[in-house]
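A.B. asks: next input, structure requested:
(one chain, ligands or ions: 1)
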Amino acid sequence: EPTTSLKEASTTFFVGMAVKAEQLTNGSKYDEIIKNEFSSISAEYEMKMNIIEPTKGNYNWSKADAIVDYAIANGINVHGHALVWHESAPDWLANYTGTDAEFEQEVKNYITAVLTRYKGKVASWDVVNEAINDSNGALRNSIYRQKMGDNFVAKCFQFAREADPDVLLFYNDYAVTTNKTKQTAIFNLIDDLQANNTPIDGVGFQMHIKYNSPSVDEIKTAVDKAVERDLKLHFSELDVRVNPNKDITTFTTERAIAQKNKVKEVVSVYNAIPLENKYAITVWGMKDDDSWIINQYNNTNEWPLLYDSNFEIKKAHTGFLQGLE
Ligand code: G3I
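C.D. replies: Have a look, this model is predicted:
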């Protein structure tokens, strides 16, 4: 009896996968699994500004187009990630020497160019990613904040809405369920946006989590804050570290079961929110050895995703399906 596919089981929200254009060649294992299992894709890095506008005024659309065209050809949703992020600002912008007004115009030009090109093709965008710092909940002192002011987030959402009246506009960040100071600051930011009628449709919790954290209650507390603000909620970058303390050298059955149960909890909490707040759960990579986590934590003994290095489904895949029951 073949396993039910994630997208067949998930009838009320998209199940997404982070992809790289090179993975999408027709007939590749990635292509096969995405077509069978997933109903949405995000670009892991190729729809960021440092890739699309690497030098001032010179746009390179090839990778983004490849991803968007693949999605359209296969009837798959595209979530755009990410228009404004301090870590993916191209050098020419990050080291901008012009006036504040000229900087702001460059950002507006970029947002306008991207949203215009993908209007009707990309359903949603992370307009601003990770604007709040980890320590005290203040705005990061990024080049965007320095040159555009504390209200740079609102300005970027307004630029996006002016370019496309229909696209869903998200604020995206990490540790939203576990860093309570950051969680409060993120929702204060969103409250300010909403109070000033800044167009925002949703919030993304990246969900780079661990086999033993966050708890269900922590997830629910954060999720409730999105739902009570009538926001669409995107679990935008799900992966589940099973070896954060580097205390195992093989993927033990015990950690595999814990990972499965954590995925089940995450999906179950998400599946229980009202339909109008649902958007997608996006998994941040296909197979374990593709994960950014291995390089990030310099640890090859990590197995954070739903498929193993041979593209075989793991217990975590079963956990996702169980969360939908
Ligand atoms: O594939 C190219 C390769 O051809 C080239 O030789 C090499 C050296 O330039 O670069 C390779 O591309 C790298 C790409 O990952 C694929 O591995 C980029 O340099 C590298 O910057 C990119 O890192 C991505 C990172 O965001 C920065 O864009 C990671 O894949 C991606 O997982 C990570 O994702 C972020 C989210 O956007 C935001 N939330 C946190 C998350 C993890 O950091």
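
A.B. asks: count the residues that sit near Gly120.
C.D. replies: Under the neighbour criterion other C-beta atoms under 10 Å, Gly120 is assigned a count of 9. C-betas here are computed from N, CA, C, even on glycine.

A.B. asks: and the nearest residue to it once chain neighbours are set aside, its phi and psi?
C.D. replies: If the residues on either side of it in the chain are set aside, Gly120 comes closest to Asp166, at 7.9 Å by C-beta to C-beta, 6 or more residues apart in numbering. The main-chain torsion angles of Asp166 are listed as degrees, to the nearest 10 and equal phi -110, psi -20.

A.B. asks: distance of Asp166 from Thr198?
C.D. replies: Noted for Asp166: a distance of 17 Å to Thr198, by C-beta to C-beta, to the nearest Å.

A.B. asks: pick out whichever of those two has more residues nearby.
C.D. replies: Comparing Asp166 with Thr198 by neighbour count (other C-beta under 10 Å), the higher total belongs to Thr198, at 18 against 8.

A.B. asks: residue contacts, that one?
C.D. replies: When the contact criterion is C-beta atoms under 8 Å, 6 or more residues apart in numbering, the partners of Thr198 are 154, 157-158.

A.B. asks: could you redo the last one with a cut-off of 6 Å?
C.D. replies: Contacts were defined as C-beta atoms under 6 Å, 6 or more residues apart in numbering; by that measure Thr198 touches 154, 157.

A.B. asks: helix/strand/coil for it?
C.D. replies: Assigned by DSSP: H, G, I helix; E, B strand; the rest coil, the conformation of Thr198 is coil.

A.B. asks: any idea how many residues pack against the residue in the stretch 151-300 of the chain that the ligand sits nearest to?
C.D. replies: Ranking the residues of the stretch 151-300 of the chain by distance to the ligand (C-beta to the nearest ligand atom) places Trp292 first, at 3.4 Å. Neighbour count for Trp292, taken as other C-beta under 10 Å: 16.

A.B. asks: enumerate the residues of the stretch 151-300 of the chain near the ligand.
C.D. replies: Residues of the stretch 151-300 of the chain that fall close to the ligand, judged by C-beta under 6 Å from any ligand atom: 174, 206, 237, 292.

A.B. asks: for the helix or strand where Lys147 lies, name the packing helices and strands.
C.D. replies: Element membership of Lys147, judged by DSSP states H and E, is helix 143-148. Using 3 or more C-beta pairs under 6 Å, 6 or more residues apart in numbering; DSSP states H and E as the contact criterion, the neighbours of helix 143-148 among helices and strands are helix 100-117, helix 152-163.

A.B. asks: in the stretch 151-300 of the chain, which spans are helices?
C.D. replies: For the stretch 151-300 of the chain, the helices defined by DSSP state H, counting those that start in this stretch occupy 152-163, 180-195, 216-227, 253-271, 292-296.

A.B. asks: got a list of contacts for the second one?
C.D. replies: The reference is to helix 180-195. Helix 180-195 is contacted by residues 132, 137, 154, 173, 175-176, 200, 222, 225 when judged by C-beta under 6 Å, 6+ apart.

A.B. asks: any stretches of the chain with poor pLDDT?
C.D. replies: Low-confidence segments of the chain, defined by pLDDT under 70, span residues 1-2.

A.B. asks: and Ile248, how many residues sit next to it?
C.D. replies: Using other C-beta under 10 Å: Ile248 sits among 14 other residues.

A.B. asks: make that Gly75, sorry
C.D. replies: For Gly75, which is what you asked about, the neighbour count (other C-beta under 10 Å) is 8.

A.B. asks: again with the one 4 residues further on
C.D. replies: Residue crowding around His79 was assessed by other C-beta under 10 Å; the count is 29.

A.B. asks: let me know the secondary structure of it.
C.D. replies: For His79, the secondary-structure state derived from three-state DSSP is strand.

A.B. asks: who are the contact partners of it?
C.D. replies: Listed by C-beta under 6 Å, 6+ apart, the contact set of His79 reads 40, 42, 124.
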